[in-house]
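Engineer: Got a predicted structure plus its sequence, pasted below:
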Amino acid sequence: MSSLMRPWQSLLAVALALTALATLPLLMPQAPLAFSLMRMFSIFVLTIGAALVSLLPLPALFLAVTLFVCAHFSTSLMIARLAGNEGAASPAFFLVLAANWLLAWRCVSLLCEIRFRSKMADNLLRLVIPAIFGAWILILWEALTRGLGIPFIILPPPSAIGARLAASVPTLWADVQQTVFKAVIFGYVVGCAAGFAVAILADRIAFFRRGLLPVANLMSALPIIGVAPIMVMWFGFDWQSKAAVVIVMTFFPMLVNTIAGLSAAGSMERDLMRSYASDYWQTLTKLRLPAAMPFIFNALKINSTLALIGAIVAEFFGTPIVGMGFRISTEIGRMNVDMVWAEIAVAALVGSVFYGVVALGERATTFWHPSNRSR
């Protein structure tokens, strides 16, 4: 009984595929390009066959690879026919799509249960699982927007966004240089360094700490749409004003987290340092700063996303004719929604890489921390 209940995704996928087979066609009769008999036969054989194979007591890796290949190949055969048939998908089409999604779900579940002896293989598997999950977000997005005939001006499919991205590489690269390489990186480094330095000063001087923290909490609540135009008026329309906004946004998270981290060391450890006759700076560098590293890296990770958001929003209030925020605000006015989504995709990619670099630095620096030892 438990062996039948476990792969419920496969059982439901078979039921959906058989229901779709009974309610053919996959496209409405008015579709200019209908499915050929051979293509429909291949789609149902791949979907139903993979679901039935996954019910057998076979090795998990073999089942996962079979489900991956069949579900994705079947879905690609379906989506490829949607070009020119927007809005003509029938209920049977969506039933098969749901069946393939369930098979992909089953594939990911099997991959989560697999353990390799090689650490490299385990690390690769950790990348494959979220990649499959993310790919199916794009697949469902593509199928639903084209299958339901959603106007591209409201929500373009990923294929249209990818085509615009590939055709606009020079423009996107210029925007990344202006926003990321000039404003974001400079503002991020200066803001985080200033927040860290002021936190050390506040930790050293109690009066300064008690007076600064309430002001820091107040300043951190300032809305960016209020700060950005002021910075543009102060520092001009070029990247310097955007860097100033990034400095303001990253300074206070680093300040607050660093002060909290410096008090994370236990009283027993501090008493031990005092018994060694350690002065303030020796205690700071050998005990309190290492204990504060998880807090500091937490601020660095938060700031990695805040910096990019701050620079893009600041460009809405004045910038040269280049930059990610400028491009978004300009192209949305021209109804070029695919270009806007291309900029959003580039921003998401840059932000993810930025966050990933900081996270790797955290794992290399705080490898002793329990949160990293358990990974």
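Structural biologist: Yep, it's here. All of these numbers come straight from a predicted model, not from anything done at the bench.
Engineer: Show me the shaky parts of the stretch 251-375 of the chain.
Structural biologist: 266, 269, 271, 276-277, 368-375 (pLDDT under 70).
Engineer: how about the helices of it, start to end?
Structural biologist: According to DSSP state H, counting those that start in this stretch, the stretch 251-375 of the chain carries its helices in the segments 267-275, 280-283, 289-314, 324-333, 337-365, 370-373.
Engineer: These: which one's closest to G195?
Structural biologist: Nearest to G195, of all the helices of the stretch 251-375 of the chain, is helix 289-314, at 7.4 Å by CB to CB. (Each C-beta comes from the backbone N, C-alpha and C, glycine too.)
Engineer: show me where the stretch 101-250 of the chain has helices.
Structural biologist: In the stretch 101-250 of the chain, the helices defined using DSSP H, counting those that start in this stretch lie at 119-147, 158-167, 169-176, 185-204, 206-220, 224-235, 239-262.
Engineer: and those as TSV, adding distance to M335 and mean neighbour count?
Structural biologist: Shown next, in TSV, are the helices of the stretch 101-250 of the chain (distance: least, CB to CB, whole Å; neighbours: other CB atoms under 10 Å):
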stretch	distance to M335	mean neighbour count
helix 119-147	17	15
helix 158-167	13	17
helix 169-176	17	16
helix 185-204	32	19
helix 206-220	37	13
helix 224-235	24	16
helix 239-262	26	24
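Engineer: Kindly reformat those helices as a markdown table containing distance to H72.
Structural biologist: Shown next, in a markdown table, are the helices of the stretch 101-250 of the chain (distance: least, CB to CB, whole Å):
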| stretch | distance to H72 |
| --- | --- |
| helix 119-147 | 8 |
| helix 158-167 | 15 |
| helix 169-176 | 27 |
| helix 185-204 | 38 |
| helix 206-220 | 45 |
| helix 224-235 | 41 |
| helix 239-262 | 40 |
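Engineer: and N336, which of the ones you listed is closest to it?
Structural biologist: Nearest of those to N336, taken as CB to CB: helix 158-167 at 8.1 Å.
Engineer: elements contacting that closest one?
Structural biologist: Contact here means 3 or more CB pairs under 8 Å, 6 or more residues apart in numbering; DSSP states H and E; on that basis helix 158-167 packs against helix 119-147, helix 337-365.
Engineer: what inclination does that helix have with respect to helix 324-333?
Structural biologist: Using axes from the mean of the first three to the mean of the last three CA atoms, to 10 degrees, the inter-axis angle of helix 158-167 relative to helix 324-333 is 120 degrees.
Engineer: Please state the offset of helix 158-167 from the chain centre?
Structural biologist: A distance of 19 Å separates the centroid of the chain from that of helix 158-167, by CA atoms, centre = their mean, to the nearest Å.
Engineer: What average pLDDT does it get?
Structural biologist: For helix 158-167, the mean pLDDT works out to 91.
Engineer: Show residues contacting it.
Structural biologist: For helix 158-167, the surrounding residues in contact (CB atoms under 8 Å, 6 or more residues apart in numbering) are L138, W141, E142, F152, L172, D338, M339, W341, A342, A345, V346.
Engineer: quick one: that helix to helix 119-147, angle?
Structural biologist: Orientation note: helix 158-167 sits at an angle of 110 degrees relative to helix 119-147 (the same axes, to 10 degrees).
Engineer: and the gap between I200 and A292?
Structural biologist: I200 sits 10 Å away from A292, taking CB to CB, to the nearest Å as the criterion.
Engineer: For those two, list the residues in contact with both.
Structural biologist: T258, L262.
Engineer: before we move on, the earlier item: format the helices and strands packed on helix 158-167 as CSV; extra columns: distance to A64.
Structural biologist: Formatted as CSV, the helices and strands packed on helix 158-167 follow (distance: least, CB to CB, whole Å):
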stretch, distance to A64
helix 119-147, 9
helix 337-365, 25
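Engineer: Looking at those, spot the one closest to K286.
Structural biologist: Among the helices and strands packed on helix 158-167, helix 337-365 comes nearest to K286, with 15.1 Å by CB to CB.
Engineer: mind listing what's buried in the closest one?
Structural biologist: Going by neighbour count (16 or more other CB atoms under 10 Å), the buried part of helix 337-365 is 337-343, 345-347, 350-351, 354-355, 358, 362.
Engineer: Number of residues surrounding the closest residue in space to L26 that isn't next to it in sequence?
Structural biologist: Spatial nearest neighbour of L26, excluding adjacent residues (CB to CB, 6 or more residues apart in numbering): F93 at 4.5 Å. Neighbour count of F93, defined by other CB atoms under 10 Å: 26.
Engineer: Please verify my assumption that F93 contacts M78.
Structural biologist: Yes: assessed by CB atoms under 8 Å, F93 is found in contact with M78 at 6.6 Å.
Engineer: Identify the contacts common to these two.
Structural biologist: Common neighbours of F93 and M78 (criterion: CB under 8 Å, 6+ apart): L26.
Engineer: isn't S42 right next to T75, touching?
Structural biologist: No: using CB under 8 Å, S42 makes no contact with T75, being 11.8 Å away.
Engineer: Between the two, tell me which one has more neighbours.
Structural biologist: Higher neighbour count among S42 and T75: T75, with 25 against 15, using other CB under 10 Å.
Engineer: Could you measure from the more buried one over to A89?
Structural biologist: For T75, the distance to A89 equals 13 Å [CB to CB].
Engineer: Mutual contacts of the two, please.
Structural biologist: A143.
Engineer: Counting neighbours, what do you get for the closest residue to A228 other than its chain neighbours?
Structural biologist: Of all residues not flanking A228 in the chain, A314 sits nearest, at 4.1 Å (CB to CB, 6+ apart). Using other CB under 10 Å, A314 is surrounded by 31 other residues.
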